[in-house]
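[1] A structural model of the following input is requested.
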Amino acid sequence: MAIGAEQVLTLPDADAALVRQLVDAAESSVADPSAGRLLCCIGGCGGAGASVLAAGLALTAARELRRPTLLVDLDPFGGGLDLTLGGEAAGGLRWPELGATTGRVSAASLRAALPTVAGVSVLSTARERPEEIAEESARAVLAAARRAGEIVVVDLPRSPTAAARAAVSDADRVLLVVPARVRACAAAASCAAALRGWTDRTELVVRCSPRSTLDADAIARSLDLPLAGSIRSESGLLTLLDRGEPPIRRGRGQLAALCRHLLADVPARHGRRYESDAA
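    Sure thing, here's the model as predicted:
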């Protein structure tokens, strides 16, 4: 009481608590945890484009906001999010190697162990070893990145896994991506209903095509969700992805503009680019 101690740790019984305190102290000295953001993307139907949006958000945060960014793949049967960035050959750990991770994790150690593609740290599933991601492992990884003030973008599976629920419940924003088609909207209604049981922060992103007859505002009203933005199908984007190139290369195009809009409330980092800091 005389020195104002918050708590007393008796070793060796409290060694785990001491490690947690040291990790928090080390990371809080180089980051602002309050500046961290957790964004989740989920498709209202198969092939909606949620993975592409997640990759675009992560690339925009790293390149234009100069923020340390972690892209997390929680869909074990999605083919691997590293593929969307063209980083399937990048060295580093995937989920199977981190499957037993629990408790307090150092963000710096996690960042050093993961593949980095275009300035983005990527935690992807493995195509050759698809397996459901444990809730505790997902919580440990997401908490570590947020404590360090990172921008965390999560690509969610459409199936209601425990790891997905954990991410959604802590997310600042959940972006439900829906193509402007009748059947896609019907499927998205079921997904939106499930998300309401986990969070009240779900917003809608509508993907239109030149032949779309449905209006984005009308879709938002029918799903009873706020409209975060809409985008028209971008010419050449699928070709770009099939060539193994990231969906945003030069910061131009509708996807890049949408990602900047969705990240407008996130402060940019001043000084050197994060890629240079990591190097």
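
[2] and the residue lying closest to Arg111 once chain neighbours are set aside, what element?
    Residue nearest to Arg111 in three dimensions, not counting chain neighbours: Ser121, with 5.2 Å by Cβ to Cβ, 6 or more residues apart in numbering. Using the backbone N, CA and C atoms, a C-beta is placed for each residue, glycine as well. Here Ser121, judged by DSSP states H and E, is contained in strand 120-123.

[3] how about the CA coordinates for that strand, as CSV?
    Presented in CSV, the C-alpha positions along strand 120-123 are these (Å, rounded to 0.1, in the frame of the first residue of the first chain):
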residue,chain,number,x,y,z
VAL,A,120,0.6,-7.8,-44.3
SER,A,121,1.1,-10.5,-41.8
VAL,A,122,-1.0,-13.5,-42.8
LEU,A,123,-2.3,-16.3,-40.7
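
[4] buried ones in it?
    120-123 (16 or more other Cβ atoms under 10 Å).

[5] For the residue nearest to Arg111, list the residues it contacts.
    For Ser121, the contacting residues are 68-71, 110-111, 114-115, by Cβ atoms under 8 Å, 6 or more residues apart in numbering.

[6] Inside strands: which ones of these?
    Among the contacts of Ser121, the residues falling in strands (DSSP state E) are 69-71.

[7] Same list, the contacts of Ser121, but as JSON lines with distance to Ala143, pLDDT and neighbour count please.
    Below are the contacts of Ser121 laid out as JSON lines (distance: Cβ to Cβ, whole Å; pLDDT from 0 to 100; neighbours: other Cβ atoms under 10 Å):
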{"residue": "Pro68", "distance to Ala143": "15", "pLDDT": "91", "neighbour count": "26"}
{"residue": "Thr69", "distance to Ala143": "16", "pLDDT": "94", "neighbour count": "27"}
{"residue": "Leu70", "distance to Ala143": "12", "pLDDT": "95", "neighbour count": "28"}
{"residue": "Leu71", "distance to Ala143": "16", "pLDDT": "96", "neighbour count": "30"}
{"residue": "Leu110", "distance to Ala143": "11", "pLDDT": "88", "neighbour count": "21"}
{"residue": "Arg111", "distance to Ala143": "14", "pLDDT": "89", "neighbour count": "19"}
{"residue": "Leu114", "distance to Ala143": "16", "pLDDT": "94", "neighbour count": "25"}
{"residue": "Pro115", "distance to Ala143": "21", "pLDDT": "94", "neighbour count": "20"}
